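[1] with the input below, show me the fold.
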Amino acid sequence: MRFGFISEGETEAGTTHRTRYMELIDEMLLAEKVGFDLVGTSEQHFAIGGISVSAPETLYPYVMALTSRIKFIHAITLMPKNFNHPLRVAERLATEDILSNGRVELGTGRGNTTLALRAFEVGVEENKAQWSEGVDLLRAAFLNDPFHFEGEFYKVPPRSLTPKPVQYPHPPISVAATSPQTHREAAEKGIGVISSSSFMGFEYLKNALALYDETFAATTHDFPTQQSKSVMIFGTAICLETMDEALKEVGPAMEYAKNALGAYERLSKLSEDYAYMGAVNGVDFHDRDFMLNESAGFIVGDPAECIRQVQRYADLGIDTLLLRIDSIPHDVIMRTIEMFGKYVIPHFTAPQNIVKSADDALEEIRALRPIHEANLRALEEKMAGQLQ
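    This is a model prediction of the structure:
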């Protein structure tokens, strides 16, 4: 399972975006150093409450030049045409892929705040269809040379994409998905899914991922497929030396969750395509135990507790866990990244390399002694028999 560090550059009131971006760069560099597989941000516009990353495509190349191993995921790029024309996304992604030597991935979506949708004049009745057609155009540009496209929103005469990406047939493409319908559509298109429970729990997540798998297996795909299952921890991840320390820091992140999902409730009333978001009304954001342990939106605790919680996602059969580590102070983010890299990630990616305590090692040695002694006796008897 891969681990990703995700941030939205949430900036504390009274500080500056410049300061926060410098912190974010340090966080990404540390993530590479300690063993994370991916870093990424979402594309957010005009956000109120501190979220500051609106142009990941300009942030990433700077950090790409400072790193050598870690991959960069757009989580997510908004695909309705007034946000991003698919062909500009293809050109930018190919350029990033070249500059990073094949270390970029694309998560896509349609937008989930009225602040952004209304500012860019994106209609809630058609943005899902624009996302769908935009992904088709994006893949046509990558897969065919030359390509052409005829659709409701895009009509492109024969052209050849320049430049071409390093990864073949193209960088991995996925879609951010909360609703069962989007999980189904991702599978039908043959692309990956970035799944989120929106704090509605593990059973919701399990069912959505199962639908993705079932639909993928039952679909005949015209394009080359890229099947992948990622889960986004939408609240935050906090891993510190003790449970008490971790729980002490979680308050602002829980407040962020409540405010972010308020936007979902508003959207659910604007369009049938967003109606499923109304289900967040049933989430009790004041139920601390549910939010931290059953909502599938947080991973909070000491290393042992974080390992236990991550195991619940591993049991879902996912290949990537994207950890939003934000809404907490920079020093806590850095400590969390370091603790994940030191204790949690190796448990899932290289368990054979984890150093045992002296007591555990001695206990295992003592348990093997009787087997060793029995084998020695059997060997002596065999050799004695051969001498006779």
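
[2] next up, the contacts around R184.
    For R184, the contacting residues are 211-212, 215, by Cβ atoms under 8 Å, 6 or more residues apart in numbering. Yep, even glycine has a C-beta here, placed from its N, CA and C like the rest.

[3] cutoff 7 Å now
    Contact analysis of R184 by Cβ atoms under 7 Å, 6 or more residues apart in numbering lists 211, 215.

[4] so what's it scoring on pLDDT?
    Turning to R184, the model gives it a pLDDT of 97.

[5] tell me the secondary structure at S230.
    Three-state call for S230 (DSSP: H, G, I helix; E, B strand; the rest coil): strand.

[6] the closest residue to it other than its chain neighbours bridge partners, please.
    The shortest distance from S230 to any residue other than its chain neighbours is 3.9 Å, reached at T320 (Cβ to Cβ, 6 or more residues apart in numbering). Under the criterion DSSP bridges, T320 forms beta bridges with R2, S230.

[7] can you count the residues close to T320?
    For T320, the count of nearby residues is 22 (other Cβ atoms under 10 Å).

[8] run through the residues that contact it.
    By Cβ under 7 Å, 6+ apart, the neighbours of T320 are 1-2, 4, 228, 230.

[9] reformat these as JSON lines; add pLDDT and distance to V193.
    Compiled in JSON lines, those are given as follows (pLDDT from 0 to 100; distance: Cβ to Cβ, whole Å):
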{"residue": "M1", "pLDDT": "96", "distance to V193": "15"}
{"residue": "R2", "pLDDT": "98", "distance to V193": "14"}
{"residue": "G4", "pLDDT": "98", "distance to V193": "14"}
{"residue": "S228", "pLDDT": "98", "distance to V193": "7"}
{"residue": "S230", "pLDDT": "98", "distance to V193": "7"}
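
[10] correct me, but N127 touches M79?
    No: applying Cβ atoms under 7 Å, one finds N127 not in contact with M79, separated by 8.3 Å.

[11] list the residues that contact both of the two?
    Overlap between the neighbourhoods of N127 and M79 consists of R110, taking contacts as Cβ under 7 Å, 6+ apart.

[12] name the surrounding residues that touch stretch 33-40.
    Stretch 33-40 is contacted by residues 2-6, 28, 31, 70-75, 337-338, 341-342, 345 when judged by Cβ under 7 Å, 6+ apart.

[13] do you know how far A208 is from L270?
    A208 sits 23 Å away from L270 when distances are taken as Cβ to Cβ, to the nearest Å.

[14] between these two, which one's more packed in?
    A208 (25 against 15).

[15] mind checking how far the more buried one is from V166?
    32 Å.

[16] report how many residues lie close to S195.
    Every residue meeting other Cβ under 10 Å relative to S195 is counted, giving 28.

[17] how about stretch 60-67: buried residues?
    By neighbour count, and taking 16 or more other Cβ atoms under 10 Å as the criterion, the buried residues in stretch 60-67 are 60-61, 63-64, 67.

[18] widest-spaced pair of those residues?
    Taking every pair in the buried residues of stretch 60-67 and measuring Cβ to Cβ, the maximum separation is 10.9 Å, between P61 and T67.

[19] partner strands of the longest strand along the chain, with direction?
    Among the elements of type strand in the chain, defined by DSSP state E, the one spanning the most residues is strand 71-78. When sheet partners are counted by DSSP bridges, strand 71-78 sits next to strand 38-41 (parallel), strand 104-109 (parallel).

[20] out of those, the one nearest A296 is which?
    Shortest distance between A296 and these, using Cβ to Cβ, is found for strand 104-109: 18.3 Å.

[21] what does the closest one contact?
    For strand 104-109, using Cβ under 7 Å, 6+ apart, the contacting residues are 71-79, 93, 96-97, 131, 135, 171-176, 194.

[22] list the helices and strands the next helix or strand after that strand packs on?
    Scanning the chain past strand 104-109 towards its C-terminal end, the next helix or strand to appear is helix 114-119 (assignment: DSSP states H and E). If contacts are counted by 3 or more Cβ pairs under 7 Å, 6 or more residues apart in numbering; DSSP states H and E, helix 114-119 sits against helix 251-268.

[23] start to end distance for stretch 171-186?
    Across its full length, stretch 171-186 reaches 16 Å end to end, with Cα to Cα, to the nearest Å as the criterion.

[24] apart from its chain neighbours, what residue comes closest to E255?
    Per Cβ to Cβ, 6+ apart, closest to E255 is S327, 7.8 Å.
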